[in-house]
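Undergrad: What follows is a predicted structure for the sequence shown.
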Amino acid sequence: MFSSSDTEKKHLSNINKIFCFVLLLHIPVSLILAYIFQTGLSLAIIGSIAICIVPLFLTYFTQSYRLAAVTHGIALMFFSGLMIHLTRGMIETHFHIFVSIAVLILFANPLVILAAAGTIAIHHVAFYFLLPASVFNYQASFTILVAHAGFVILQTIPCLWIAQKFGSYIIEQGVIIAQIDDIYITMNESIQKLSINNQRLADSSNLQSSAITQTAQTIHEISEMANQTSDNASQSKTISDQTKSSASKGSTIVSEVSNAMLKIKESNNSVIDQLTNNNKQLNEIAQTIKQIESKTNIINDIVFQTKLLSFNASVEAARAGEQGKGFSVVAEEIGKLATTSGAASKEINEIILASAENVQQIVNLTEVKIKELITSSQANITEGEVKVKSCGETFNELSNFISELNGRVIGISQASNEQSQGIKEMNSVILQLENSNNKNQETLKISVDVSEHLTGLSNNLGGLVSKLNSNK
């Protein structure tokens, strides 16, 4: 903020520069007057330059604004005296004094007017006694000089008052303008910051709005995916339950197969035992056939002896003659019977031998087959038991895995439901954010309108400050 001293310096600096041109304009006027009244061009040139040197130097080469202003007032009176001298005291030239004193009010400094009035007073008194022709163009009395000075004093007094008031006004105006200028600068900076903040807020709001829209779309997609996941989880749970049920049934079936394998093993053992018993019975049959064979041999021996006895009886009957014919017939019949019995016994013996051989082959073959069957059955049963056991363990592991999977599917289903609920809540929050963002955009629009209005007022204020500064 400017002080009153700064305002006065600025005003005096501007007026000093203006009066430099005013003083320089007196040079051609002085030359014209010197030429018209034939009072010496050299005096006009040298005198005018001498009068302008000090004010110009103080104005442009020093910071003595008040001293420069005082020298401008004095120099202006020197030009009045020079012009009066060049016009040989012409009364009309004296009006330059009164006009100059009035114009010096522009300095808004009473000291300038007092210096000018004092300078012209000294000029008139000194020249009245030394060069009276350079003051009046007629024989004027001292009373006229005093009257002339009285008019100068009468003009000087109100000019001093006006200069004092004008100076106060200039200072106050400068202070007010400086304050308004500071307010304008601060206001303009605040408006610029507000505009920047509004722009940033608008950009942020647009980004937030875009992000909210994208988030809403993403959440909608996630919601659909969550719903699909929930449906898949429900379907997976159903399939898992069915698989668990199937696994349980499979495990039950495996248990039943295992029990059936045990029963098959028991049945196989029973068959093996039965075959073993059959083999034993065949061995017993073979032994019986062997006993029959031995008995058949005894029968053969008996048949042989019967034949031998029948032959002996026939021999004895022949010896007996007629008395022995009947016995001979009997002996012959017995011999035939013995021969027939021997033949039958031989055939039986052959059949028994063949049967014994066949039975023995059957027994041997049966023993081999039974051994092979027992070995194969035991191996198959053992392998079946191992596979059934492995299958049972696999089904148990599968059942445990399915139980764990079912538990996880249930957890996924519950988490999916919670996720769906969370997404619904997030959708609600997004809607609230969107509503809040819309309100923020409305508020931002109002703020932008206010900022634009303040910018217009600031520009008007800046224009007013510029005009006030230009009028100073």
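TA: Happy to help now that I have it.
Undergrad: Buried residues in stretch 149-163, which are they?
TA: For stretch 149-163, burial by neighbour count (16 or more other C-beta atoms under 10 Å) applies to A149, V152, Q155, T156, C159, L160, I162, A163. Placement of C-beta: from N, CA and C, glycine included.
Undergrad: typo on my end, it should be stretch 101-114
TA: Across stretch 101-114, burial judged by 16+ other C-beta under 10 Å covers I101, L104, I105, L106, F107, A108, N109, P110, L111, V112, I113, L114.
Undergrad: For Q274, pull up the helix or strand it's in.
TA: Here Q274 sits within helix 142-320, counting by DSSP states H and E.
Undergrad: by contact count, what packs against that helix?
TA: Here helix 142-320 touches helix 4-37, helix 95-103, helix 110-130, helix 325-471, going by 3 or more C-beta pairs under 8 Å, 6 or more residues apart in numbering; DSSP states H and E.
Undergrad: Report all helices and strands that the first one contacts.
TA: For helix 4-37, the elements it packs on are helix 41-61, helix 65-86, helix 142-320, judged by 3+ C-beta pairs under 8 Å, 6+ apart.
Undergrad: and V112, what pLDDT?
TA: Looking at V112, its pLDDT is 95.
Undergrad: surely it meets G73?
TA: Yes. V112 is within contact range of G73, at 4.0 Å (criterion: C-beta atoms under 8 Å).
Undergrad: between these two, what contacts are shared?
TA: Residues touching both V112 and G73 comprise L104, with contact defined as C-beta atoms under 8 Å, 6 or more residues apart in numbering.
Undergrad: pLDDT at N197, what is it?
TA: With respect to pLDDT, N197 scores 74.
Undergrad: can you start the count at 593 instead of 1 from here on
TA: Shifting the count to begin at 593 puts that one at N789.
Undergrad: Quick check: it vs N875, distance?
TA: Distance, N789 to N875, using C-beta to C-beta, to the nearest Å: 118 Å.
Undergrad: One more: H812?
TA: 90 Å.
Undergrad: What count of nearby residues applies to E848?
TA: When neighbours are counted by other C-beta atoms under 10 Å, E848 registers 10.
Undergrad: Likewise for G710?
TA: Counted with other C-beta under 10 Å, G710 comes out at 14.
Undergrad: For Q866, which of the helices and strands packed on helix 734-912 is the nearest?
TA: Closest of those to Q866 is helix 917-1063, at 10.2 Å (criterion: C-beta to C-beta).
Undergrad: Off-centre distance for the closest one?
TA: Chain-centre distance of helix 917-1063: 43 Å, with C-alpha atoms, centre = their mean, to the nearest Å.
Undergrad: What is that helix packed up against?
TA: helix 734-912.
Undergrad: can you state the direction angle for the helix it packs on and helix 596-629?
TA: If you take axes from the mean of the first three to the mean of the last three C-alpha atoms, to 10 degrees, helix 734-912 sits at 130 degrees to helix 596-629.
Undergrad: Could you tell me the angle between the direction of the helix holding Q866 and that of helix 917-1063?
TA: 180 degrees.
Undergrad: okay, now the domains of the chain?
TA: If you go by automatic domain parsing, the domain ranges for the chain are 596-732, 829-1014.
Undergrad: related to what we said a few turns ago, pipe the helices and strands packed on helix 596-629 into JSON lines and attach distance to V621 per row.
TA: Rendered in JSON lines, the data for these read as follows (distance: least, C-beta to C-beta, whole Å):
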{"stretch": "helix 633-653", "distance to V621": "9"}
{"stretch": "helix 657-678", "distance to V621": "7"}
{"stretch": "helix 734-912", "distance to V621": "21"}
